[in-house]
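Colleague: Model the following, please.
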Amino acid sequence: MELFGEQLAFGAGFFLLLALALALCFEFVNGFHDTANAVATVIYTNTLKPVVAVIWSGCWNLIGALGFVGWVLGFFGVMVGGSVVAYNIVALLPVELVLNSGSGAGFAMIFALLVSAILWNVGTWYLGLPASSSHTLIGSIMGVGLANALMAGHSWTSGINWSKAQEIGLALLLSPVVGFVGAAILLLLLKFFVRRKDLYEAPKGKNPPPLWIRCVLVVTCTLVSVFHGSNDAQKGMGLIMLILIGIVPGAFALNMGVNPKTIQGAATKMRQIVSIIAPMTNGATMTKDEAIAELSAYVKPSGPKASDKTFAAINVEAQSVADALANLTDFSTVPHDGRTALRTDLYLVDESLGKVLKAKDKDGKPLIADKASVSVLKKGTDDLNAITKYIPLWVKVMVGLALGCGTMIGWKRIVVTVGEKIGKSHLTYAQGASAELMAASTIGLADFMGYPVSTTHVLSSGIAGTMAANRSGLQKDTLISIVMAWVLTLPVCIFLGASLFSAGLYVTFHVFGIQ
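Modeller: The predicted model follows:
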């Protein structure tokens, strides 16, 4: 079987197609589970008919997934990475599985993540509970990491990138609080500054609101949809890239479309990094194999602190990268087998430098404090990211279509919960606009900072916040069910991820014979 210019064994080709199908299924479920929140307000305020609303939202999800947000911000001089969220998700995975995602353990990891996330998302959707796809995926990742560490005989704490998990967990924890408080404050500000009685009324029958209110609600729905597409779609994109890099490394291990200037810029910066790091080795030396082993251990969450050997290893790997890139203008001349090895070198240098830049000495001072050196190291990692942390356009289109189609098909269960069962009274125009504007702002900020957040949590909390601010009353039974779903998501998905990973290892090793 030949895919993407590489000859694949039937088993590997089968796994590739199955993994891609599951990844797209995850985004499809994500669409009808999460994105339904975006259309709840326009449907329940009679601003748009349901069919029009879901098609509109689905299209804007696709536009967001294709990088519309980054393009607009770039036009105004604000640069954001189009794959930051995607690779922040990947950074939570065990290093050895990321480096060997085409192995049997890599296959087991991918399937465990996707199947456990799909199972929980479909289950909560069936019950009409707006749970978080972000929490679902992160819980599954934690489960895989824990199982991988325990099965390898390591401490369970070594299976998770705790610093990255803490950053992402904090974003997921704070976002619903921001949604609740922000939407409540925004509604109160609207009441103070905008003295239009019709804005604070519930819809009358099936009659649509005045045109200006409809415009406001359509704009806020559009913003939530496009930011959701930009943020949530990247989770699926990151997993698809992991699949492609593991199974078809010759085509995807490196960004084949990167321009010669970036390649030569990376080579120059690697030589500058060598000159910065070399004095920090204190004379320590090692072979390339030893350097790879040293950095593979160092970049793990539970890895050792930086030492002379660590800097010697970075020195060796940075020099190796500089030599490999020195005379290249594109990667087509690099043999297929050599692309995986080069990607490993780039990955280890990138991750090691990122960790060193955050490291402190015994007195609590940065290991590298010189501003000029810090600037060189950061610019070096930026160039490496352009080579390894990329997403092809066709992947963005596939994921965006899956997300958009999911929105158009399975929206109703979640919409009913958000529109009818959170507050005791009908949603007013101002409440819908306030909740969606706050949700769009929160998700957009998280996207800019590179953090995955839950559209479900933010918007549901925003609706609850406006109900509280308006003294409309909250339906306790619904809120308890939603909170229980939120609380149970992580432990259930950790269990599912760990169990499915263990079962997947057995199947790939003993049934398919993939090592």
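Colleague: CA only for contacts and neighbour counts going forward, please
Modeller: Fine.
Colleague: Correct me if wrong: Ala430 contacts Tyr200.
Modeller: Yes: between Ala430 and Tyr200 there is a contact at 5.5 Å, judged by C-alpha atoms under 8 Å.
Colleague: quick one, which of those two is more surrounded?
Modeller: Legend: neighbour count by other C-alpha atoms under 10 Å for Ala430 and Tyr200, higher for Ala430 (24 against 18).
Colleague: In the stretch 251-400 of the chain, where is pLDDT below threshold?
Modeller: The stretch 251-400 of the chain contains residues with pLDDT under 70 at 301-302.
Colleague: Kindly recompute the last result at 50.
Modeller: Regions of the stretch 251-400 of the chain meeting the criterion pLDDT under 50 are absent.
Colleague: can you map out the helices along it?
Modeller: Using DSSP state H, counting those that start in this stretch, the helices of the stretch 251-400 of the chain run over 260-277, 288-298, 308-325, 336-358, 371-388, 393-409.
Colleague: Quick one: closest of these to Ala498.
Modeller: Distance to Ala498, taken as C-alpha to C-alpha, is lowest for helix 288-298 among the helices of the stretch 251-400 of the chain, at 22.4 Å.
Colleague: quick one, the closest one and helix 308-325 angle?
Modeller: Per axes from the mean of the first three to the mean of the last three C-alpha atoms, to 10 degrees, the angle that helix 288-298 makes with helix 308-325 is 120 degrees.
Colleague: Show me which residues of helix 288-298 are buried.
Modeller: Ala291, Ile292, Glu294, Leu295, Ser296, Ala297, Tyr298 (16 or more other C-alpha atoms under 10 Å).
Colleague: I'd like the next helix or strand past the strand or helix carrying Phe192.
Modeller: Following DSSP states H and E, one finds Phe192 within helix 162-193. Per DSSP H and E, the first helix or strand lying C-terminal to helix 162-193 is helix 211-247.
Colleague: how about that next one: buried residues?
Modeller: Quick answer for helix 211-247 (16+ other C-alpha under 10 Å): 213-214, 216-218, 220-247.
Colleague: what's the angle from that helix to helix 393-409?
Modeller: 130 degrees.
Colleague: sorry, back to before: any idea which of the buried residues of helix 288-298 is closest to Leu24?
Modeller: Among the buried residues of helix 288-298, Ser296 lies closest to Leu24 (C-alpha to C-alpha), at 30.8 Å.
Colleague: How about Leu129, nearest residue that isn't a chain neighbour?
Modeller: Excluding its sequence neighbours, the residue lying closest to Leu129 (C-alpha to C-alpha, 6 or more residues apart in numbering) is Ile482, at 5.9 Å.
Colleague: can you check Lys288 too?
Modeller: Using C-alpha to C-alpha, 6+ apart, the closest residue to Lys288 is Val316 (6.4 Å).
Colleague: for this protein, what helix or strand is lowest in average pLDDT?
Modeller: The weakest-scoring helix or strand in the chain, judged by mean pLDDT, DSSP states H and E, is helix 68-75 (a mean of 52).
Colleague: Please report how far Ala439 lies from Leu199.
Modeller: Shown here: Ala439 relative to Leu199, a distance of 19 Å by C-alpha to C-alpha, to the nearest Å.
Colleague: typo on my end, it should be Ala278
Modeller: Per C-alpha to C-alpha, Ala278 is found 66 Å from Leu199.
Colleague: so who does the nearest residue to Ala318 once chain neighbours are set aside touch?
Modeller: Setting aside the residues directly before and after it, Ala318 is nearest to Met270 in space (C-alpha to C-alpha, 6+ apart), at 5.5 Å. Taking C-alpha atoms under 8 Å, 6 or more residues apart in numbering, we find Met270 in contact with Ala318, Gln319, Val321, Ala322, Gly380.
Colleague: How about Leu211?
Modeller: Listed by C-alpha under 8 Å, 6+ apart, Leu211 has no contact partners.
Colleague: try it again with 10 Å
Modeller: Listed by C-alpha atoms under 10 Å, 6 or more residues apart in numbering, the contact set of Leu211 reads Thr47, Leu217.
Colleague: Check Ala233 too.
Modeller: Ala233 touches 27, 30-31, 61-62, 64-66, 83, 85-86, 227, 396, 398-404, 452, counting by C-alpha under 10 Å, 6+ apart.
Colleague: which among the residues you listed end up buried?
Modeller: Buried members of the contacts of Ala233, scored by 16+ other C-alpha under 10 Å, are 27, 30-31, 61-62, 64-66, 83, 85-86, 227, 396, 398-404, 452.
Colleague: Widest-spaced pair of the contacts of Met270?
Modeller: Pairwise distances across those (C-alpha to C-alpha) peak at 12.7 Å, for the pair Gln319 and Gly380.
Colleague: okay, these two: which has more neighbours?
Modeller: For the pair Gln319 and Gly380, the greater number of neighbours falls to Gly380 (24 against 19), based on other C-alpha under 10 Å.
Colleague: Kindly provide the distance from the closest residue to the more buried one other than its chain neighbours to Arg343.
Modeller: Closest residue in space to Gly380, ignoring its immediate chain neighbours: Lys269 at 5.3 Å, by C-alpha to C-alpha, 6+ apart. Distance, Lys269 to Arg343, using C-alpha to C-alpha: 17 Å.
Colleague: ok, now Leu244?
Modeller: From Leu244 to Arg343 the distance is 13 Å (C-alpha to C-alpha).
Colleague: Against Leu137, how distant is Ile409?
Modeller: As judged by C-alpha to C-alpha, Ile409 and Leu137 stand 22 Å apart.
Colleague: between those two, who's got more neighbours?
Modeller: Neighbours were counted for Ile409 and for Leu137 using other C-alpha under 10 Å; Leu137 has more, 28 against 17.
Colleague: Asp370: how many residues sit nearby?
Modeller: Asp370: 9 neighbours (other C-alpha under 10 Å).
Colleague: correction: Gly143
Modeller: If we define neighbours as other C-alpha under 10 Å, then Gly143 has 29 of them.
Colleague: which residues sit in contact with it?
Modeller: Gly143 sits next to 109, 112-113, 116, 137, 159-160, 490-501 when contact means C-alpha under 10 Å, 6+ apart.
Colleague: of the residues you listed, buried ones?
Modeller: 109, 112-113, 116, 137, 159-160, 490, 492-501.
Colleague: Quick check: Leu187 touching Ala469?
Modeller: Yes: the pair Leu187 and Ala469 qualifies as a contact (C-alpha atoms under 10 Å) at a distance of 7.3 Å.
Colleague: any shared contact partners between the two?
Modeller: Going by C-alpha under 10 Å, 6+ apart, residues that sit against Leu187 and also against Ala469 are Gln431.
Colleague: The two: which is more packed in?
Modeller: Taking Leu187 and Ala469 together and counting by other C-alpha under 10 Å, Leu187 has the greater number of neighbours (22 against 19).
Colleague: In terms of pLDDT, where does the more buried one sit?
Modeller: For Leu187, the model assigns a pLDDT of 90.
Colleague: which SS class is the residue nearest to Leu129?
Modeller: helix (DSSP: H, G, I helix; E, B strand; the rest coil).
Colleague: For it, which residues are in contact?
Modeller: Neighbouring residues of Ile482 by C-alpha under 10 Å, 6+ apart: Thr124, Gly128, Leu129, Pro130, Ala131, Thr417, Ile422, His457, Ser460, Lys476, Leu488.
Colleague: Alright, I will stop here.
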